[in-house]
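[1] Predicted coordinates and the sequence they were generated for:
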Amino acid sequence: MRIDIEHLSVRIGGAELVADATVRAASGQVVGLVGPNGSGKSTLLRCAYRALRPSAGAVLVDGDDLHALSPREGARRLAALPQESSSEFDFTVGEVVAMGRMPHQSATGRVSAADARACTEALATVGAGHLVDRGFLTLSGGEKQRVLIARALAQQPRILVLDEPTNHLDIAQQLEVLALLRATPGATAGPGPEAQPGSQAEPGSQAEPGSQAEPDAQPGSEPGAQPGSGPGAEAGPTGGLTVLTALHDLNLAAQHCDLLYVIAHGRIVTSGPPHEVLTPTLLAEVFQVRGHQVRHPVSGALQLLFDRLPHQSAAATTVPATR
Amino acid sequence: MFQDYSPRTARGRTRGHAPGHSFTVRSRPEVKGEPAVATTTEDAAPPRADQGHGAPAPRRPPRRLPLLPLIVALVVALPVSLVCGVAFGSAGLSWGEVTRYLGAGLTGGTIESDETAAYTIVWELRFPRALLAAVVGAGLAGIGVAVQAMVRNALADPFVLGISSGAAVGANAVLLFGALSGLGIWALSTAAFGSALASMALVYAAARTPQGLTPLRLVLTGTAMYYGFSAVTTLMVFSAEHGEAARAAMMWLLGSLGGATWDSLPIATVMVVLGLTHLMYSARRLNAMAMGDETAAALGVDARRLRGELFLSTAAVTGAVVAVSGAIGFVGLMVPHFARMLVGADHRRVLAVAPLLGAVLLVWVDILSRVLLAPVELPVGVITAVVGVPCFVLLMRRRGYTFGGA
């Protein structure tokens, strides 16, 4: 399922946080949104998961205006991982993940076998099945993040929107989470309990950094269940899980996204495949750093190295002026 | 109601093993004479990413009581408590008398003419009072759950929105200055309910933003209004002409079931039942909202709209309850936590248990308030605190209960 954010603007209290932004993600694509702090990444994504109503423009989910759909219908198509999600109350991991089934349940209906299976599978996919009875508040940051991703997966969405999913994670966990998004089949991949044993072992085996540069080259633990696993992979008519994610780390974005959109001062500056977008010119203009594109010595993947700009002090003074 | 997704075996395996345990097991050759049997399950276990990241040893999973037996126990305890509430009191009545009078009252049976005085105590004073205690307890506990989820604050109670102190202003106007005297016996509850609704409108108008009601604004506005209304009440008590009315006003501020009659029951009961029904219907949405407005939105729940709905229903129930019993503290704050300690945080479970728990608790608290220093009657709020605080601390320490990560 595709998501098209068309000419979206957000004005709050006279300030234009996002202006005429257009971001499109085709079925099964992993699309990254990068930009400096305060550039409007989160605001844009909040519109995409309905936490915010845009002042102008629209979010189209498979052609339908998301804000015109019922909240439940919207949540069946699109799940999200907001940046901050906490609670005063002592929910267990199982209860947190079960909340993902809400859009599929009536207000008073009982928990169905399909609900239970979706929750178990989602937890297994993120390798957190053993946490099911733990209190959510007792988890570490990495564990929490995985559980929240499991909740989003339990929603069985066609589109997943993530706001800085690698925040608070150490490097191995960051790579693991991003590889997970790549490897996760769409909700239509079938009610496949057959994929469960394989996927349970998978996240653990991916913790080895060496295998991360090429997520496509995973040993076939899920044969034929990776429709959206690379730019070249042809997604079926229904497609796999479409992912739209804000990322802070440009190297992670370069390695894991099919397409990048760069946002600065609320406007989309440019978009395209990572190696075309993350040029030294753009890095200097938008991120105020001198960047070098190099190749990973083993995998050959795009890597970025950063220095301060030669006239860092001059650049720093011009930035506020342009705002 | 709520299904457990856990594969039992997996939980049994993880519990009790320190992280990294499997690594030490693998260096088997060094350990001579160690039986190799124990290693098989560990070796078969998939390596977990959090191993070696210094993850804290798994805490004991929160113990949760099975829901159905607990509800059955409470449903049985409630009528038993009600009968006890009728039986105990300063005027000594035997159990036989009490059950006979109750039976006569319920079935329309006959009694001897010399028993009229005792019958009046049972049927006109103690029974409606016990029933009112149950209704008020259930209402306060249910609203407490809703308010805590609504403002996402474990310290919130039904009175944090300022509605109860608003009701106190109206009630005191009647008690001290004879306002609405044309309404006769209905003057007090009408004034209390009316001013509760008026203060609700005031809090809502002040807390509202273009983005709807936000938790912090709601708490801050409610708290500010609470102090404002309390100041007005105090002013009224001080400027009152006769001391006896002021005493009554104070009693009312602390909460009391002493004014219970059959007439005070219908409105409060209807409001509490309606309010609890709405809450039960919203239980899943409360779960989502408790995780934050953004998460709720992603789950298809409009948190701002839900907060508006909850504000209306909790304010109406608070107004109705406060109008008949004054501001009985502690129940609305602590019973929701009791319930969460027993059955976990899932609002479907909490809302099934908390009202029953509140009802039973308040019936017994009322009994104690009448019996402890009989014939002097203690304010209910004193007993709720004396009984509740130690119980609460004990439970909190025993069950490893977590408030917002603390």
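    Received, thanks.

[2] quick one: low-confidence parts of the stretch 1-150 of chain A?
    Applying pLDDT under 70 to the stretch 1-150 of chain A picks out residues A:85.

[3] can you do 80?
    Along the stretch 1-150 of chain A, the model assigns pLDDT under 80 to residues A:84-88, A:106-110.

[4] The strand or helix carrying A:Leu305 pairs with which strands, parallel or anti?
    Counting by DSSP states H and E, the element that carries A:Leu305 is strand A:302-308. Within its sheet, and counting by DSSP bridges, strand A:302-308 is paired with strand A:289-295 (antiparallel).

[5] if I pick the closest residue to B:Leu125 other than its chain neighbours, what's in contact with it?
    What sits nearest to B:Leu125 in space, not counting adjacent residues and going by CB to CB, 6 or more residues apart in numbering or on different chains, is B:Ala260, at 7.9 Å. For every residue, glycine as well, the C-beta is placed using N, CA and C. By CB atoms under 8 Å, 6 or more residues apart in numbering or on different chains, the contact set of B:Ala260 is B:Leu125, B:Pro128, B:Arg129, B:Leu131, B:Leu132, B:Ala133, B:Val324, B:Ser325.

[6] do B:Leu310 as well
    For B:Leu310, the contact set (CB under 8 Å, 6+ apart) comprises B:Ala146, B:Val147, B:Ala149, B:Met150, B:Leu279, B:Ser282.

[7] give me that answer again for 6 Å
    Shown in contact with B:Leu310 (CB atoms under 6 Å, 6 or more residues apart in numbering or on different chains): B:Ala146, B:Met150.

[8] Confirm that it sits in a helix.
    Yes - assigned with DSSP: H, G, I helix; E, B strand; the rest coil, B:Leu310 falls within a helix.

[9] how close does it get to B:Asp346?
    17 Å (CB to CB, to the nearest Å).

[10] about what we covered before: export only the CA atoms of the strand holding A:Leu305, formatted as CSV.
    The C-alpha coordinates for strand A:302-308 follow below in CSV (Å, rounded to 0.1, in the frame of the first residue of the first chain):
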residue,chain,number,x,y,z
LEU,A,302,27.6,4.0,0.8
GLN,A,303,29.2,5.5,3.9
LEU,A,304,29.6,9.1,4.9
LEU,A,305,32.4,10.7,6.7
PHE,A,306,32.0,14.1,8.3
ASP,A,307,34.2,17.1,9.2
ARG,A,308,33.4,20.5,10.4
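
[11] in it, what's buried?
    A:Leu302, A:Gln303, A:Leu304 (16 or more other CB atoms under 10 Å in any protein chain shown).

[12] And the strands in chain A?
    Secondary structure of chain A (DSSP state E): strands at A:3-12, A:15-25, A:30-34, A:56-61, A:64-65, A:78-81, A:159-163, A:242-246, A:259-264, A:267-272, A:289-295, A:302-308.

[13] would TSV of those strands with distance to A:Glu88 be doable?
    Converted to TSV, the strands of chain A look like this (distance: least, CB to CB, whole Å):
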stretch	distance to A:Glu88
strand A:3-12	27
strand A:15-25	29
strand A:30-34	30
strand A:56-61	31
strand A:64-65	35
strand A:78-81	20
strand A:159-163	21
strand A:242-246	26
strand A:259-264	33
strand A:267-272	37
strand A:289-295	40
strand A:302-308	40
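
[14] OK, contacts around A:His248?
    By CB under 6 Å, 6+ apart, A:His248 lies in contact with A:Glu164.

[15] Counting neighbours, what do you get for residue 158?
    By default, I'm working from chain A. 24 (other CB atoms under 10 Å in any protein chain shown).

[16] sorry, should have said chain B
    Per other CB under 10 Å, the neighbour tally for B:Pro158 reads 29.

[17] Same check on the one 4 residues further on?
    Using other CB under 10 Å as the criterion, B:Gly162 is surrounded by 29 other residues.

[18] So for it, what's the pLDDT?
    pLDDT for B:Gly162: 84.

[19] Look at the residue nearest to B:Leu125 and tell me its secondary structure.
    With three-state DSSP as the criterion, B:Ala260 reads coil.

[20] confidence score at it?
    pLDDT for B:Ala260: 81.

[21] What separation do you get for it and B:Glu377?
    From B:Ala260 to B:Glu377 the distance is 12 Å (CB to CB).

[22] Please, which helix or strand holds B:Val72?
    helix B:67-87.

[23] who touches the residue in chain A that chain B sits nearest to in this structure?
    Proximity of chain A to chain B (CB to the nearest CB) peaks at A:Ala75, 3.0 Å away. Contact analysis of A:Ala75 by CB under 6 Å, 6+ apart lists A:Pro103, B:Leu299, B:Gly300.

[24] The last one belongs to a helix?
    The one in question is B:Gly300. No - under three-state DSSP, B:Gly300 falls outside any helix and is assigned coil.

[25] Chain neighbours aside, what residue packs nearest to it?
    Leaving aside its sequence neighbours, B:Gly300 sits nearest to A:Ala75 (CB to CB, 6+ apart; 3.0 Å).

[26] same question, the first one
    Distance criterion CB to CB, 6+ apart; nearest residue to A:Pro103, sequence neighbours excluded, is A:Ala75 at 3.7 Å.

[27] Could you check how far the one you found is from A:Arg101?
    10 Å.

[28] One more: A:Cys119?
    In terms of CB to CB, A:Cys119 sits 7 Å off from A:Arg101.

[29] Please apply the same query to A:Val34.
    For A:Val34, the distance to A:Arg101 - CB to CB - is 32 Å.

[30] Looking only at neighbour counts, state which of the two leads.
    A:Val34 (27 against 22).

[31] mind listing what the more buried one touches?
    A:Leu247, A:Ala253, A:Leu260, A:Val262.

[32] ok, 10 Å please
    By CB atoms under 10 Å, 6 or more residues apart in numbering or on different chains, the contact list for A:Val34 reads A:41, A:245-250, A:252-254, A:257, A:260-264, A:269, A:274, A:277-278, A:286-287.

[33] likewise B:Gly381?
    Counting by CB under 10 Å, 6+ apart, B:Gly381 makes contact with B:Leu253, B:Leu254, B:Gly255, B:Ser256, B:Gly326, B:Ala327, B:Ile328, B:Gly329, B:Phe330, B:Val331, B:Val365, B:Ser369.

[34] any idea which helix or strand carries it?
    helix B:380-398.

[35] Only alpha carbons, please: show that helix as PDB.
    Provided in PDB are the C-alpha atoms of helix B:380-398 (Å, rounded to 0.1, in the frame of the first residue of the first chain):
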ATOM      1  CA  VAL B 380     -15.800   8.800  56.900                       C
ATOM      2  CA  GLY B 381     -12.700  10.400  55.500                       C
ATOM      3  CA  VAL B 382     -10.800   9.800  58.700                       C
ATOM      4  CA  ILE B 383     -11.500   6.100  58.500                       C
ATOM      5  CA  THR B 384     -10.700   5.800  54.800                       C
ATOM      6  CA  ALA B 385      -7.300   7.200  55.600                       C
ATOM      7  CA  VAL B 386      -6.700   5.200  58.800                       C
ATOM      8  CA  VAL B 387      -7.700   1.900  57.100                       C
ATOM      9  CA  GLY B 388      -6.500   2.600  53.600                       C
ATOM     10  CA  VAL B 389      -3.000   4.000  54.100                       C
ATOM     11  CA  PRO B 390      -1.400   1.100  55.900                       C
ATOM     12  CA  CYS B 391      -3.100  -1.500  53.600                       C
ATOM     13  CA  PHE B 392      -1.900   0.500  50.700                       C
ATOM     14  CA  VAL B 393       1.700   0.800  51.800                       C
ATOM     15  CA  LEU B 394       1.700  -2.900  52.700                       C
ATOM     16  CA  LEU B 395       0.300  -4.000  49.300                       C
ATOM     17  CA  MET B 396       2.600  -1.600  47.400                       C
ATOM     18  CA  ARG B 397       5.700  -3.100  49.100                       C
ATOM     19  CA  ARG B 398       4.600  -6.700  48.800                       C
END
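
[36] Okay, buried residues for that helix please.
    In helix B:380-398, counting by 16+ other CB under 10 Å, buried: B:Val380, B:Gly381, B:Val382, B:Ile383, B:Thr384, B:Ala385, B:Val386, B:Val387, B:Gly388, B:Phe392.
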